[in-house]
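S.K.: just to be clear, the model below is a prediction. Sequence and coordinates:
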Amino acid sequence: MRIIQALKSIGESGSLVFYQNQKITQLGKSGKINEAIKIFESMTSRNTVTWNSMISAYAKNGRINDARNLFEQMPLRNLVSWNTMISGYLHNDKVHEAAELFERMSRRDLFSWTLMITCYTRNGELEKARILFDQLPDKRSPVCWNAMIAGYAKNGRFEDARRLFDKMPVRNLVSWNSMLAAYIQNEEMGLALDFFDKMSERDVVSWNLVIDGFMQIGDLDSAMQFFQRIPSPNVISWVTMLSGFARYSRIDEARRIFDQMPMRNVVSWNAMISGYVLNYQIDEAIILFEQMTEKNAVSWTTMINGYVRIGKLEKARELLNLMPYKNVAAQTAMISGYIQTMQMEEARQIFDEMDTRDIACWNTMIAGYAQCGRMDEANKLFKQMFRKNIITWNTVIAGYAQGGEMNKALRIFEKMEEKNIVSWNSLISGFTQNGLYMDGLRHFVLMGREGKKPDQSTFASSLSACANLAALQIGKQIHHLVVKIGYVNDLFVGNALITMYAKCGRILSAEQVFNDIDNTDIISWNSLISGYAFNGYGKDAIQLFQEMLTEGLNPDQVTFVGLLSACSHAGLIDEGLKLFKYMTEKYCIEPLAEHYACIVDLLGRAGRLEEAYQLVMEMPIKANAGTWGALLGACRLHKNLKLGKLAAEKLLEFEPYKTSNYVLLSNIHAEAGSWNEVEKVRMLMKEKGVEKQPGSSWIEIKNQVSVFVSDDSVLPRTVEICEMLKALMAQMRNVEYMPELALAYWNLDDLWHCVK
DNA sequence: CTAGGGTTAG
């Protein structure tokens, strides 16, 4: 009908063009970009509005490059063309490009200013937005004020929003709604409801904001009550309810809403599909997806994500191939799917095929390589990246840290301009996990100096460093900080504290922490049991274990490692053997090499060397270095040269480059007085090229850990320290303290040195 | 044809 009408009036100049322009806009808005292109290309005469409409249509459908091409090609640009292009960049998250155009404009109107302010606030660049806002030519128009208020709201600054709201000269309904949204986005439901009651005028947006607020805090009942009070709910009211129920996995209620809706748009369908996807009901999701007459990029992305979620990558890929204009989100979803299943080559293929990529996509790819330990490739991408964000940097740091390359991690970290808590935590936990405890603590201190507050992860890592260094004073200080900043009730921190005190020999403090924390988990119990073990309190370990059972907790493999080592350290041989039996028979826990090592140690201490050896030979899993090491230790204790030699040789097969093993072997020979053999071991080391690692120790003085390395005479105060050592040796002789000289085969002339 | 408040994918 309308076409006929339009054709009838074709005589009037430009009315067909006018009609076609409208059609392009309408098609662009409803996602039918192909039809819009068809009309545009068939047009014989076009005016500036035609070009503007087409630019807008492209931009609304994610084809921002096509939009820009048209913008460049068009014969005559007006102010609206520039604004439309900026708006396109705004909706495609390309703030940088938008700003470039804005700068180049010769004339700007209120549209231009508002667009640009919105661009900056979307990007979190509130200060830039505010500078523009303050330069604003027309202060009486509420539109820009509203944009700035919304910008503050979305970035969590509702007080700033409120200040602006109170200051603005003319308010309209949108201003009131923007302020209402500010409260709701910051989960201030009390303030929001007061504000809502004070509003003299409300529209459906105001109501929708409130029901969304209830949904965000999980109060579905209140949301429903308010929803029923809305005078005339629109699609968005319905979708808010639908997606709210879907988000909380109340999928049947969500479906009921979906079926009852008097009107549905693409978003409604997408929300329902997303609900099913979240609930792993992919079959239901695909039925709806196929029924949809009008799919947009979100529909496709949601569905692809759904298949990725349940591991059906072929199905996901099929959909991606069918998708008409693949967007970054869909492609990134596919890439993460491949990465989750370690199919890096497939992931890379998609990545290479993409015509535009966002930072998140690059980051996903880099994280993928990092997870696979392929840091060279990760780093190559990192270097290629044009614009990086803080996540990019943190991903690379964590990648290097996990691969043990702390030098590289540190170098990247030091190049960062703006570090956040995640950057610091990646670095500190990297040091700690790679045994570089001092470096970990040093950076913990540096972080404090830069005024950054530690969080639970920082505390867990640095407490673990203290535990391994037995740095009690520093550990205690960190504990105070934990209390002060308020992480006492964090499980990770609590468990780290237990381990720290236990490893520092303060088992009473460990107990106290254990008793003080509100909620314990299996790791807390295991930590305290291992703590008892470490300090030789075998009976307490067993008693705690029994308490754990009465509490109804199920012990795991780690529990028994702690228990068995507790028994071996305390010489509780029968109890240990009984527990081992209990573990395998009652709890059906497959013993690990660690468990066998404990049992070997137990039998060995009791002098039952043959039995221990028998166990090692018969155990169903392969003995590891720990098992042979336990046997070797027992042999030395009971001076069993024959078995000891055998164990030592086995041990050397596992760890041919570990100096301490050679030391053990040569000590056995030395104790037996076979000096020829001792010499042979020394030759063997030379042959294998084993470097004697400098011995090191550390001492805590006035809250400062000092590391001493042997055979290093460069640093100051060496002479002083040696004098002191000599004096101490003399005193020790006086009180008849004799070090075990049989063990002192290695350089007695070592110098101890203060590194820091 | 372009700007401010509300929904969906990441």
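M.R.: Sure thing, it's come through.

S.K.: please count neighbours and contacts with C-alpha atoms only from this point.
M.R.: OK.

S.K.: let me see the domain layout of chain A.
M.R.: Domains of chain A are assigned by automatic domain parsing as A:621-693, A:694-756.

S.K.: ok, of the ones you listed, where does mean pLDDT dip lowest?
M.R.: Across the domains of chain A, domain A:694-756 has the smallest mean pLDDT, namely a mean of 46.

S.K.: ranges for the strands of chain A?
M.R.: Under the criterion DSSP state E, chain A carries strands at the ranges A:696-701, A:704-709.

S.K.: how about the residue most central in space within chain A: what's its closest non-neighbour residue?
M.R.: Nearest residue to the geometric centre of chain A (CA atoms, centre = their mean): A:Val422, 8.1 Å. Counting by CA to CA, 6 or more residues apart in numbering, A:Val422 lies nearest to A:Asn394, which is 6.8 Å off, once chain neighbours are set aside.

S.K.: quick check: residues of the stretch 301-450 of chain A near DNA strand B?
M.R.: Counting by CA under 7 Å from any atom of the strand, the stretch 301-450 of chain A comes close to DNA strand B at A:Thr301, A:Thr302, A:Asn305, A:Ala329, A:Ala333.

S.K.: same thing but 10 Å
M.R.: Residues of the stretch 301-450 of chain A that fall close to DNA strand B, judged by CA under 10 Å from any atom of the strand: A:301-306, A:308-309, A:327-333, A:336, A:358, A:360-361, A:364.

S.K.: among those, which ones are buried?
M.R.: A:301-306, A:308-309, A:327-333, A:336, A:360-361, A:364 (16 or more other CA atoms under 10 Å).

S.K.: so where is chain A shaky, pLDDT-wise?
M.R.: Segments of chain A classed as low confidence (criterion: pLDDT under 70) are A:1-14, A:691-756.

S.K.: now do the contacts for A:Cys504.
M.R.: By CA atoms under 8 Å, 6 or more residues apart in numbering, the residues touching A:Cys504 are A:Ala467, A:Ala470, A:Ala471, A:Leu472.

S.K.: in helices, which of the residues you listed fall?
M.R.: By the criterion of DSSP state H, membership of these in helices covers A:Ala467, A:Leu472.

S.K.: need the contacts of A:Cys504 in CSV (columns: distance to DNA strand B).
M.R.: Putting the contacts of A:Cys504 into CSV (distance: CA to the nearest atom of the strand, whole Å) gives the following:
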residue, distance to DNA strand B
A:Ala467, 37
A:Ala470, 42
A:Ala471, 42
A:Leu472, 43
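
S.K.: what's the burial count for the residue nearest to A:Val422?
M.R.: The local packing of A:Asn394 (other CA atoms under 10 Å) involves 25 other residues.

S.K.: wait, it touches A:Asn425, no?
M.R.: No - between A:Asn394 and A:Asn425 there is no contact under CA atoms under 8 Å: 9.4 Å.

S.K.: residues contacting stretch A:258-278, please?
M.R.: Stretch A:258-278 has contacts (CA under 8 Å, 6+ apart) with A:235, A:238-239, A:242-243, A:246-247, A:249, A:251, A:254-255, A:282, A:284-286, A:288-289, A:292, A:294-296, A:298-299, A:302-303, A:305-306, A:309.

S.K.: if any of those residues are buried, put those into a ChimeraX selection.
M.R.: Selecting only the buried entries of the contacts of stretch A:258-278 in ChimeraX, with 16+ other CA under 10 Å as the criterion:
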select /A:238,239,242,243,246,247,251,254,255,282,285,286,288,289,295,296,298,299,302,303,305,306,309
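
S.K.: surely A:Tyr152 touches A:Gly124?
M.R.: No - taking CA under 8 Å as the definition, A:Tyr152 is not a contact partner of A:Gly124, at 9.0 Å.

S.K.: more neighbours: which of these two?
M.R.: Using other CA under 10 Å, the more surrounded residue of A:Tyr152 and A:Gly124 is A:Tyr152, with 25 against 15.

S.K.: residue contacts, the more buried one?
M.R.: Contact partners of A:Tyr152, counting by CA under 8 Å, 6+ apart, are A:Thr121, A:Leu126, A:Phe158, A:Asp160, A:Ala161, A:Ala182.

S.K.: what's the distance between it and A:Pro262?
M.R.: 35 Å (CA to CA, to the nearest Å).

S.K.: now do A:Ser524
M.R.: From A:Ser524 to A:Pro262 the distance is 54 Å (CA to CA).

S.K.: between those two, which one's more packed in?
M.R.: A:Ser524 (22 against 11).

S.K.: so how far is DNA strand B from that one?
M.R.: Counting by CA to the nearest atom of the strand, to the nearest Å, the separation of A:Ser524 from DNA strand B is 33 Å.

S.K.: ok, that residue touching A:Leu497?
M.R.: No - using CA under 8 Å, A:Ser524 is not in contact with A:Leu497, being 9.7 Å away.

S.K.: wait, what's in contact with the residue nearest to A:Val422?
M.R.: Residues in contact with A:Asn394, defined by CA under 8 Å, 6+ apart, are A:Val422, A:Ser423, A:Ser426.

S.K.: and which of those is nearest to DNA strand B?
M.R.: A:Val422 (18.8 Å; CA to the nearest atom of the strand).

S.K.: what is the end-to-end distance of stretch A:164-171?
M.R.: Stretch A:164-171: ends 11 Å apart by CA to CA.

S.K.: ok, now stretch A:58-66?
M.R.: End-to-end for stretch A:58-66, by CA to CA: 7 Å.

S.K.: would it count as contacting DNA strand B?
M.R.: Yes - shown here: stretch A:58-66 in contact with DNA strand B (CA under 10 Å from any atom of the strand) through A:Ala59, A:Lys60, A:Asn61, A:Gly62.

S.K.: could you save these as TSV and add columns showing neighbour count?
M.R.: Listed next are those as TSV, based on neighbours: other CA atoms under 10 Å:
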residue	neighbour count
A:Ala59	27
A:Lys60	22
A:Asn61	22
A:Gly62	20
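
S.K.: just the ones of those residues in helices?
M.R.: A:Ala59, A:Lys60.

S.K.: from the residues of stretch A:58-66 next to DNA strand B, which is closest to A:Met416?
M.R.: For the residues of stretch A:58-66 next to DNA strand B, the residue nearest A:Met416 by CA to CA is A:Gly62; the value is 32.2 Å.

S.K.: that closest one touches A:Ala329, doesn't it?
M.R.: No - with contact defined as CA under 8 Å, A:Gly62 does not count as touching A:Ala329 (11.0 Å).

S.K.: contacting residues for the closest residue to DNA strand B within the stretch 551-700 of chain A?
M.R.: DNA strand B sits closest to A:Asp556 of the stretch 551-700 of chain A, with a gap of 34.5 Å, by CA to the nearest atom of the strand. By CA under 8 Å, 6+ apart, the contact set of A:Asp556 is A:Ile589.
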